[in-house]
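> can you look at this prediction? I've put the sequence above it.
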Amino acid sequence: MNLYIDFDGVIYNTIDVSYKMAEKGQIAKDYERYYQFFKNLDWCEVLEKSSEINEAFSCINKIINSGKFNVYILSHVVSMKEAEFKINLIRKYLTDVTIIPVPKRISKTKMVKVKDAILIDDYPENLKEWSNAGGIAIRFDLDMDGKGFPVIDRLDEVIEMF
Ligand SMILES: [Mg+2]
């Protein structure tokens, strides 16, 4: 079974950190300004200030070792610089996983074959698109709020679900 795992807000808490930086810079909740903010963001600083969520990397190794899934990391990126930083970071912990950066304005469903594949993501909009395209959507949320989807707060919980 193909299993796609989101990065921001699932593996690493980069979302909390970058939002705080955006608020400091008084970036309005305007998509275009936000997009530009992320494009120019210092990813080195973001990743340095961020941390792994609930032993995500060791959970991913457990998932791989279960033999149940082909594991991919499917992460939206605004710039190639962002992709580079994420890939270098992930490669420190995981050597055996395929990493797929997705241009921010392209749906994750347009990047890979969705039918019967699993996506673990924290962003409900991505999950809606995924399930509408015939995939299996699982929400990652530390408050265990599924927003209508099955929900987990540790990545290795997915092993017992299939
Ligand atoms: Mg995310």
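Alright, I've got the coordinates. Numbering: from 1, shown residues only.

> show the average pLDDT along the longest helix along the chain.
Ranked by residue count and defined by DSSP state H, the top helix of the chain is helix 80-93. The pLDDT scores in helix 80-93 average 94.

> identify the residues contacting Asp8.
Thr14, Ile15, Ser75, His76, Asp122 (Cβ atoms under 8 Å, 6 or more residues apart in numbering). All C-beta atoms are positioned from the backbone trio N, CA, C, and that covers glycine.

> what's the nearest residue to the second one if we skip its chain neighbours?
Right, Ile15. Gly9 (4.3 Å; Cβ to Cβ, 6 or more residues apart in numbering).

> again with the third one
Excluding its sequence neighbours, the residue lying closest to Ser75 (Cβ to Cβ, 6+ apart) is Phe7, at 3.8 Å.

> quick check, pLDDT for the one you found.
The model's pLDDT for Phe7 equals 97.

> do Asn13 as well
Reading off the model, Asn13 has pLDDT 94.

> for it, what are its contacts?
Counting by Cβ under 8 Å, 6+ apart, Asn13 has contacts Ser50, Ser51, Glu52, Ile53.

> who wins for neighbours among these?
Ile53 (21 neighbours; other Cβ atoms under 10 Å).

> shaky segments in this structure?
For the chain, residues meeting the criterion pLDDT under 70 lie at 26-29.
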